[in-house]
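In: Whatever this is, show me its structure:
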Amino acid sequence: MVELEETWTEKSFYEKPLTVWLGEEGGDERNSPPLDIFTAASIGCYQRVRDIIMDDKNVCSHKNHGGWTALMYAAYYAHSDVINLLLEAGAPVHLRNNNGCNALMLAVMCGNDYGVEILIKGGSILETRDKRDWTALFHAVNTSHHSVVEMLIKYKVNLNSCERATGMTPLMYAAQLGDTTMVMALLRGGAVVSLTNHQGHTADRIAQDAKYPDTASAIIQWGLQGLNGPSLRDGPAAVEARRTHQQPQTLRGRGSAIPSVNDANVQPTDLETLLDQIGLSSYISVFREQVVDLQIFLTLTDQELKECGIQKLGPRRKMTSAIARWHSNAPLRSTVECAYADKLEVEMQELGVKLTEASQTIQQTKTQVSQENDLRVVTEGWVVEARGRLHECHQRCQVLMEQVTALRHCTSALSAQPSLVQSPLMQSTLISTIVDSLTLIAAQVDTLLALTDPSVPRGPSNPSSPRKQGYGSHLGTPRL
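Out: Take a look at the predicted model:
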């Protein structure tokens, strides 16, 4: 390589032509092109990458002949500052090279922990598969990067995903490599030991066949403890030992494992890739028009797909089957068994929708019943109040009849014995009796008018109710 001055700067350094990097000392620097973004990203020239991006931001999504982007080079060679720069400039994280690997997989291969984390937070989908049908976790296990595996487990990667062609899981590959530390990390994270590959072999059988008895023994010992750990019969020491070495995890088999996105509000952006895998990439424009990304797509039903504009039955059925396979992590093999499984998955989704609707209907019905019960209580109170008023009116009417009878008796006495009227004492007594009776009759009439006045609001909770004001508390009746 040509001699460089001791006072060189990074700017002058990266402006050197490619002949400097290739060691061609006799090359003509004037005719040699400067560093392109791929080379600058691969060697970590931050300023050169930034200058290129400032000239044209679209260059972030450009690929070379191998399908590599600048982000892939920065991720593979662990240049974290360049990764951040490209992500801030809008570099897509879901693009894949000719081998189907995205930037996250390449960062995993080189053991770049920080790069893996920022790519996940930048939107990389953990369950994206390359042409070998491997996810990022498979690559981490294959390259024995334990810290990267722990990082992926932290962001809830699907530990029980499998190769569709062989049925191998990450745990099986770790067992095949005899990496006991990796095996235990996967088991503590929630990997299921009872899964089998297409040959019917479990992880411990694979470790035994690969001549790693210690690894097989560790897997068998873990399996003997059960999916939920030691029981109370094992004693408090066993429970405490398991608790300190394993955080509680919800273990899921292959049928219930779901693709995971990290907890940092990551939005999936790989819908185009998913449609391409099932041969329906021509419909991507339909979903773009409806502003549907992968996260929304995975929640759509057959009716909602029809509303989006997917009118043909065949594509809709493929999409609903792909959604069901995504959620169940089922193999994408075209077999009669898979077709039957797809049918069952679709039916289960429809039943789930119906169950949700039924639950909402039940809740609405409960609310209506509660309202009707409240109305019934109020109505019963009105009925009780009305019956009380009717009884009170009856009592007052009886008093009125008694007073009228008393007046008639006085009148008859005056008519039958007119000579008695001349007695002052008799006159005073009769007049007093008549006045008292008339006064009581007038009071009872006023009370009846108040009880039957339609302009006064009534109700069991009305404090102005005549009964609550003390009417009828004393129904005095003057007697002769």
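
In: so where is this structure shaky, pLDDT-wise?
Out: 1-33, 225-270, 327-343, 345-346, 413-424, 426-427, 430, 451-480 (pLDDT under 70).

In: tell me what the helix or strand encompassing residue 435 is packed against?
Out: For residue 435, the host element (DSSP states H and E) is helix 424-451. When contacts are defined as 3 or more CB pairs under 8 Å, 6 or more residues apart in numbering; DSSP states H and E, helix 424-451 packs onto helix 336-416. (Glycine included, C-beta is placed from N, CA and C.)

In: Buried residues, the helix holding residue 435. List them.
Out: By 16 or more other CB atoms under 10 Å, the buried positions in helix 424-451 come out as 430, 433, 434, 436, 437, 440, 441, 444, 447, 448, 451.

In: Same check on stretch 156-165?
Out: Neighbour-count burial for stretch 156-165 [16+ other CB under 10 Å]: 156, 157, 158, 159, 160, 161, 162, 163, 164.

In: Show only the entries of those found in helices.
Out: Among the buried residues of stretch 156-165, DSSP state H puts none in helices.

In: Check whether residue 46 really touches residue 84, as I assumed.
Out: No - using CB atoms under 8 Å, residue 46 makes no contact with residue 84, being 9.6 Å away.

In: ok so, going back, check the buried residues of stretch 156-165 against residue 368 and report the nearest one.
Out: Looking at the buried residues of stretch 156-165 and their distance to residue 368, the nearest is residue 156, at 40.8 Å (CB to CB).

In: Can you list phi and psi of the closest one for me?
Out: phi 60, psi 50 (degrees, to the nearest 10).

In: and the chain, what are its domains?
Out: As assigned by automatic domain parsing, the chain contains the domains 161-251, 289-357, 360-451.

In: Can you lay out these as TSV showing distance to residue 95?
Out: Output for the domains of the chain, formatted as TSV (distance: least, CB to CB, whole Å):
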stretch	distance to residue 95
domain 161-251	21
domain 289-357	15
domain 360-451	41
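
In: ranking these by burial, who's on top?
Out: Mean neighbour count, computed with mean count of other CB atoms under 10 Å, is highest for domain 161-251 among the domains of the chain, reaching a mean of 17.

In: which residue ranges form the helices in the stretch 151-300 of the chain?
Out: Ranges of helices in the stretch 151-300 of the chain, per DSSP state H, counting those that start in this stretch, are 170-177, 180-189, 203-209, 213-224, 236-245, 271-277, 284-289, 294-297.

In: got those as a markdown table, with distance to residue 379 columns?
Out: A markdown table is the format used below for the helices of the stretch 151-300 of the chain (distance: least, CB to CB, whole Å):
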| stretch | distance to residue 379 |
| --- | --- |
| helix 170-177 | 66 |
| helix 180-189 | 61 |
| helix 203-209 | 68 |
| helix 213-224 | 65 |
| helix 236-245 | 58 |
| helix 271-277 | 57 |
| helix 284-289 | 54 |
| helix 294-297 | 48 |
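
In: how about those, which one is nearest residue 109?
Out: helix 170-177 (14.3 Å).

In: Tell me how far residue 363 lies from residue 357.
Out: 11 Å (CB to CB, to the nearest Å).

In: To residue 66, which of the helices of the stretch 151-300 of the chain lies closest?
Out: Nearest of the helices of the stretch 151-300 of the chain (CB to CB): helix 271-277, 18.2 Å.

In: how far is that closest one from where the chain is centred?
Out: Centroid displacement of helix 271-277 relative to its chain, using CA atoms, centre = their mean, to the nearest Å, is 24 Å.

In: Tell me the helices and strands packed up against that helix.
Out: So helix 271-277, by 3+ CB pairs under 8 Å, 6+ apart, packs with helix 284-289, helix 294-297, helix 313-328.
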